[in-house]
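1. Need the 3D shape of this:
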Amino acid sequence: MEVDLPEIVAEVEACFAAYEVALMSNDVEGLTAMFSDLPQTIRYGINENLYGAKEIQAFRAGRSPVGLARTLSRTVISTYGRDFAIASTLFDRVSMSGKIGRQMQSWVRFPQGWRIVAAHVSLIDKPAYG
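-> Next up is the predicted model:
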């Protein structure tokens, strides 16, 4: 298996960047399209456990658009072959005093393009070592 093929990494980086733009602008339709519509798709959030595309879409539609701005750091895109990738990043928001956010997404290439099949978002206390 080929790991981190530059052209595949670039494809997923572009998808990840588009996700971030959609997230910051609360583009519910765009965010919904980035997740697989399969019932096996899962998103674990800070305060929610969402199973299937319908639950994820309902969460997005009901989420407040206030305070979404964030700063990313230590973003890593890892690809395995040509059809699977993991995007990992840390994030910080002004409203998260003393906390750091962590986000991981598993991306799969389907005939219609790259889609997120699993995502996890969590907060922890900011570590003293960065």
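
2. contacting residues around the residue nearest the centre of the chain?
-> Taking CA atoms, centre = their mean, the centroid of the chain lies closest to Gln105, which sits 4.7 Å from it. Gln105 sits next to Phe16, Tyr19, Ile86, Ala87, Ser88, Ile116, Ala118, Ala119, His120 when contact means CB atoms under 8 Å, 6 or more residues apart in numbering. Every C-beta, even on glycine, is put in place using the N, C-alpha and C of the backbone.

3. cool, Ala87 as well?
-> Val12, Phe16, Thr75, Val76, Ile77, Gln103, Met104, Gln105, Trp107.

4. Make a ChimeraX selection of the buried ones in those.
-> Selecting only the buried entries of these in ChimeraX, with 16 or more other CB atoms under 10 Å as the criterion:
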select :12,16,77,103,105,107
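
5. in the helix or strand encompassing Arg60, what counts as buried?
-> Using DSSP states H and E, the element containing Arg60 is helix 53-62. Residues of helix 53-62 classed as buried by neighbour count (16+ other CB under 10 Å): Ala53, Glu55, Ile56, Gln57, Phe59, Arg60.

6. Now it - C-alpha only, CSV.
-> Taking C-alpha atoms only, helix 53-62 is exported to CSV below (Å, rounded to 0.1, in the frame of the first residue of the first chain):
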residue,chain,number,x,y,z
ALA,A,53,-26.5,11.0,7.8
LYS,A,54,-30.0,12.0,8.9
GLU,A,55,-28.9,12.6,12.5
ILE,A,56,-25.8,14.5,11.3
GLN,A,57,-27.9,16.7,9.0
ALA,A,58,-30.4,17.4,11.7
PHE,A,59,-27.6,18.5,14.1
ARG,A,60,-26.2,20.8,11.5
ALA,A,61,-29.5,22.4,10.7
GLY,A,62,-30.2,23.1,14.3
